[in-house]
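Chemist: Test case, fold it:
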Amino acid sequence: MKTLSRKESFPAPAQQVFKTIDDLGVTGMHMTQSSGMMMGSKLNLEFLTTNKTGLGSRYRWTGKMMGLMMDFTVEVTKWVNGVEKVWETIGETKLIIYSWYRMKLLLSESNGNTEAELSIAYEKPKGFINKILCFLLADWYCRWCLKKMLGDAKKAIASPQPKPSHAMRNIALTIALLSLINSAAFSQSDSSGVYKTFDDYKLKRLTYAIDCRTESHKIKSDQFDHKDVVRVIHNDSLFTIPKSEIFGYKDCKGVVYRIVDGKNHSILNPYSKLQLYKHEVRGHKSTAIHYYFSETIDSKPILLTIDNLHHSFHDNQEFLKKVDNTFRRDGQLFKFDRKSKQYIVSQLYESTIR
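Modeler: Down below sits the predicted model:
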């Protein structure tokens with residue numbers, strides 16, 4: 001086993017340095033981007049645990065390098081917040097210049113400055129060709145990785161968001177307020193990503209966000225088989241997120257999906273006061289469509305029927321009278337008024353609460 005290390009000084013507290021180096025979006029960036037040092041290749045990252053940091057977190061790298069398949073899983077075996085982290089490959093690995101490696105981060109802080117020591121230990125691979133490649137490339141590649149990881153962390157720390165001027169703050173506040181009241185923004189197909197919480201949805205704050213006009217990614221969620229995860233392919237990395245841990249997501253067609261009990265419900269009129277949903281259930285020979293509503297935008301969806309509207313809004317007799325005068329059966333409740341670009345039942349409700 002051979003070990004190489006590199007030290008770097010950061011003009012920042014140890015806690016901040018640790019958090020930055022612990023973020024694979026920063027220190028794993030050199031592996032997810034094509035470069036000469038990666039032989040023109042890049043690897044895909046897939047998280048295998050719900051916790052992306054901390055003791056026991058695990059993730060998998062896959063891809064090709066020099067035309068050879070790479071597939072290895074890494075687990076964090078020691079994690080002392082702000083002080084030390086150790087992570088290493090586990091199980092069977094498909095690596096080219098190593099058979100196994102372990103990385104270690106140690107931090108020491110003094111007078112607001114932090115010294116970080118990052119090291120990598122590796123074992124030589126089996127096979128004649130791989131041993132030759134190890135002899136020629138292993139140390140060189142290790143030094144490059146250590147330099148890139150510490151360098152990218154230093155750039156991230158040294159590039160904080162500039163503080164806005166007083167005038168700019170006022171402009172930003174105005175834009176934010178306009179954004180919050182402009183519900184039409186939800187219908188635009190210019191952004192996509194994941195809403196981790198209801199507050200994220202309410203504030204239109206997306207995780208793994210992209211501008212659909214210039215970027216692309218994939219959000220996969222098998223709503224028919226009711227699988228319990230959402231898979232996001234973002235920046236060539238695969239993120240597996242349990243459905244129980246997110247509110248929903250938005251695709252590049254402008255459709256917002258809310259996840260309820262592990263099932264996808266497309267929101268037909270996002271941010272409306274009476275929010276409507278559509279849920280598809282695939283049978284053996286056909287697909288059934290069910291419509292729902294929620295009393296408030298964060299409450300659990302209820303099957304859209306006249307009886308359920310009466311039960312939920314019994315204290316709004318004006319609305320219920322309009323419902324009874326407009327609809328004769330449940331199947332009419334999801335009618336859409338093209339002129340006003342609103343669902344009629346939602347329009348009736350909003351007319352009674354102004």
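Chemist: ranges for the helices of the stretch 251-354 of the chain?
Modeler: Secondary structure of the stretch 251-354 of the chain by DSSP state H, counting those that start in this stretch: the helices cover 306-312, 317-326, 344-351.
Chemist: Report the mean confidence score over the longest one.
Modeler: Regarding helix 317-326, the rounded mean pLDDT is 95.
Chemist: Check the first one too.
Modeler: For helix 306-312, mean pLDDT is 95.
Chemist: Show me which residues of that helix are buried.
Modeler: Applying a neighbour-count criterion of 16 or more other C-beta atoms under 10 Å, the buried positions in helix 306-312 are Ile306, Asn308, Leu309, Ser312. For glycine as for every other residue, the C-beta is placed from the backbone atoms N, C-alpha and C.
Chemist: Take the helices of the stretch 251-354 of the chain and write them to TSV, including distance to Lys78.
Modeler: Output for those, formatted as TSV (distance: least, C-beta to C-beta, whole Å):
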stretch	distance to Lys78
helix 306-312	52
helix 317-326	59
helix 344-351	54
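Chemist: and among these, the most buried is which?
Modeler: Each of these was assessed for mean neighbour count using mean count of other C-beta atoms under 10 Å. The highest is helix 344-351, with a mean of 19.
Chemist: by contact count, what packs against that one?
Modeler: Helix 344-351 makes packing contacts with strand 275-282, helix 317-326, strand 336-337 when contacts are defined by 3 or more C-beta pairs under 8 Å, 6 or more residues apart in numbering; DSSP states H and E.
Chemist: Next, format these as CSV and append distance to Leu118.
Modeler: As requested, the helices and strands packed on helix 344-351 are exported to CSV (distance: least, C-beta to C-beta, whole Å):
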stretch, distance to Leu118
strand 275-282, 48
helix 317-326, 63
strand 336-337, 58
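Chemist: Please name the bridge partners of the nearest residue to Phe334 once chain neighbours are set aside.
Modeler: By the measure of C-beta to C-beta, 6 or more residues apart in numbering, the closest residue to Phe334 outside its immediate chain neighbours is Tyr291, 4.7 Å from it. Listed beta-bridge partners, Tyr291: Lys278 (assigned using DSSP bridges).
Chemist: I'd assumed Thr305 was in contact with Tyr291.
Modeler: No: with contacts counted by C-beta atoms under 8 Å, Tyr291 stays clear of Thr305, the gap being 9.0 Å.
Chemist: from what I can see Glu318 touches Thr352, true?
Modeler: Yes: distance between Glu318 and Thr352: 4.5 Å, which falls inside the contact criterion (C-beta under 8 Å).
Chemist: just to revisit the earlier point, report the contact partners of the residue nearest to Phe334.
Modeler: With contacts defined as C-beta atoms under 8 Å, 6 or more residues apart in numbering, Tyr291 is in contact with Leu276, Tyr277, Lys278, His279, Leu303, Leu304, Leu333, Phe334.
Chemist: Name the residues of the longest helix seen in the chain that come out as buried.
Modeler: Residue-count comparison of every helix in the chain, with assignments taken from DSSP state H, identifies helix 128-158 as the longest. Within helix 128-158, the residues that qualify as buried by neighbour count (16+ other C-beta under 10 Å) are 130, 133-134, 138, 141-142, 145-146, 148-150, 152-154, 156-157.
Chemist: And stretch 279-297, by the same measure?
Modeler: Going by neighbour count (16+ other C-beta under 10 Å), the buried part of stretch 279-297 is His279, Tyr291, Tyr292, Phe293, Ser294, Glu295, Ile297.
Chemist: Over to stretch 265-272?
Modeler: Along stretch 265-272, these residues count as buried under the neighbour rule (16+ other C-beta under 10 Å): His265, Ser266, Ile267, Leu268, Asn269, Pro270, Tyr271, Ser272.
Chemist: Show me what the residue lying closest to the third one once chain neighbours are set aside is bridged to.
Modeler: With sequence-adjacent residues excluded and distances taken as C-beta to C-beta, 6+ apart, Ile267 is closest to Val256, at 4.5 Å. Legend: beta-bridge partners of Val256 under DSSP bridges are Lys250, Ile267.
Chemist: for Val256, what are its contacts?
Modeler: Each residue near Val256 by C-beta under 8 Å, 6+ apart is listed here: Phe186, Tyr195, Tyr201, Gly248, Tyr249, Lys250, Ser266, Ile267, Pro270.
Chemist: just how off-centre is the longest helix of the chain within its chain?
Modeler: Distance, stretch centre to chain centre, for helix 128-158: 28 Å (C-alpha atoms, centre = their mean, to the nearest Å).
Chemist: That one - contacts with which helices or strands?
Modeler: By 3+ C-beta pairs under 8 Å, 6+ apart, helix 128-158 packs against strand 2-10, helix 14-22, helix 24-27, helix 29-32, strand 113-123.
Chemist: which of the buried residues of stretch 279-297 lies closest to Ser5?
Modeler: When these are compared for distance to Ser5 (C-beta to C-beta), Ile297 comes out closest, at 52.4 Å.
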